[in-house]
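Participant: Compute the structure for the input listed below.
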Amino acid sequence: MRRFIDFWNSLLRSPNSGNYIPFIDGFRFLAIAPVIFQHANERLLKYSASASNQSGWEQMLSFLISRGTIGVFIFFAISGFVLTMPYAKGNRTLNYKTYISRRLTRIEPPFIFWISFFALILLFQSNLGIGKVLAHYFATLTYTHSIVYGEYSIINPVAWSLEVEIQFYLIAPFIALLYFNQKDGFVRRTFLIIFLIAYITFQYVLGWNVHPLKATLLGHLQHFLIGMLAADLYVNRKTIGRIKPWVWDALAPVLLLVMAFTWTEEYYKTLIFNSALILLLMAGFNGHYFNKFLSVKWITIIGGMCYTIYLIHLPLLELLYSVIGSFGYSSPYWLQLSISLIIAIPIVLFSSMIFFKTIEKPFMKPAGFKNLLSSIKGIVSEKTVQIQK
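Facilitator: Numbering: from 1, shown residues only. The predicted structure is shown next:
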């Protein structure tokens, strides 16, 4: 038991910057959890013939679970928050080469590993042929699948959101520098809010809110900018008026429900959704109990593993439900869902813990990628010497 506790504690992230903000990993937990539940529910409905027979309250439960994609938009907002935070704190310099290099060496090794692994599985388990699989593989690997094919990757469908993330990474520093160069906080925030409303309006006029452009940055820029606005409000929260913490605590669950019911392609509901998103982020750092909840150790540990969880959960759930979905035909939907989640969630979490520790965490420090290259170089040198002998 002691060894497991030590292993569990070793999963806690310690960002290289040293500026660890626990509630951000708490928000990552809040983002990844509904995504997992949504995909698990979809797999259950796919593989269980009787799961679609639902009573009234079960239909509402299934509907709420189906709103899990809001977690992806929370992820986008978190990225906007984290990437622009240095500029919110006063940094006005940019070494773009170092910035891009750090982002790529942090996210690429786990991404390349898992996309390659799932591509091999697809190659051997489908009749697509090596040429077609390779084409989709390279499109996924270069974050261009949605642009090239106009659809989600057949290797790992969730990769679409990582394509959007990469597109924002490329321009985030320039947007942040432009925004925070305006010294007057009220002016820049007012301008950003007006811009957000105008941008969402243009999305609807130009059709950026529907596929295939919906799966690009054009369809989601507002979520990242909301994260930047939240970073601004977080850094300057002492100078901006205060609302009682208990009000924010009470608002948090209400805001999540509002987001669940306003995630649609309807214009006015989209405005409400994005308003709820910024308020939810503000509740995270202005609330008392909500902030404490987001900062609970086990929640921050799971949230800190979200990248690995996100990369592996869908193929793993597909495998699990293809097996367990054939049982329980006579059981009601809620019971099938409950039992399947009791089986699936621990498997996803324990798998993620192992793969996070071994594949992702080593690259969270700048030296991680250099150590990998040194190891590869050492192995190659050793093999070369053996061959020469």
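Participant: what about the stretch 151-300 of the chain, any weak spots by pLDDT?
Facilitator: 239-241 (pLDDT under 70).
Participant: which residues of it fall in helices?
Facilitator: Along the stretch 151-300 of the chain, counting by DSSP state H, counting those that start in this stretch, helices occupy 159-180, 185-206, 221-235, 245-262, 267-286, 289-294, 297-304.
Participant: Mind checking those for the one nearest to residue 135?
Facilitator: Comparison of these against residue 135 by C-beta to C-beta identifies helix 159-180 as nearest, at 14.7 Å. Quick note: C-beta positions are derived from backbone N, CA and C, even for glycine.
Participant: Can you name the residues in contact with the closest one?
Facilitator: 72, 75-76, 79-80, 83-84, 86-88, 92, 94, 96, 99-100, 103, 107, 111, 115, 140, 143-147, 152-153, 188, 192, 215-217, 219-221, 224-225, 228, 232 (C-beta atoms under 8 Å, 6 or more residues apart in numbering).
Participant: which residue is nearest the centroid of this structure?
Facilitator: residue 75 (4.2 Å; C-alpha atoms, centre = their mean).
Participant: what about the helices of the stretch 151-300 of the chain, which gets the closest to residue 363?
Facilitator: Of these, nearest to residue 363 by C-beta to C-beta is helix 297-304, at 13.6 Å.
Participant: Please point out which parts of that closest one sit buried.
Facilitator: 299, 300, 301, 302, 303, 304 (16 or more other C-beta atoms under 10 Å).
Participant: Reformat those as CSV; add distance to residue 47.
Facilitator: Below are these laid out as CSV (distance: C-beta to C-beta, whole Å):
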residue, distance to residue 47
299, 30
300, 33
301, 31
302, 26
303, 29
304, 31
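Participant: what residues does stretch 260-272 touch?
Facilitator: The contact list for stretch 260-272, computed with C-beta under 8 Å, 6+ apart, reads 64, 67, 69-70, 73, 197, 200-201, 204, 209-210, 258, 273, 276.
Participant: Let's see that stretch as CSV, backbone CA atoms only.
Facilitator: Output of stretch 260-272 as CSV, limited to C-alpha atoms (Å, rounded to 0.1, in the frame of the first residue of the first chain):
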residue,chain,number,x,y,z
ALA,A,260,-24.8,21.8,-20.7
PHE,A,261,-28.0,23.3,-22.0
THR,A,262,-26.6,26.0,-24.2
TRP,A,263,-24.0,24.0,-26.1
THR,A,264,-25.7,24.2,-29.5
GLU,A,265,-25.1,25.9,-32.8
GLU,A,266,-27.8,28.5,-32.0
TYR,A,267,-26.3,32.0,-32.0
TYR,A,268,-27.8,33.4,-28.8
LYS,A,269,-27.2,30.2,-26.9
THR,A,270,-23.6,30.3,-28.0
LEU,A,271,-23.3,33.8,-26.5
ILE,A,272,-24.8,32.5,-23.2
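Participant: how far is that stretch from where the chain is centred?
Facilitator: Counting by C-alpha atoms, centre = their mean, to the nearest Å, stretch 260-272 is centred 20 Å from the centre of its parent chain.
Participant: I'd like the average pLDDT over the host helix or strand of residue 312.
Facilitator: Assigned by DSSP states H and E, residue 312 belongs to helix 306-324. What helix 306-324 shows for mean pLDDT is 95.
Participant: That's all I had, so thanks and see you.
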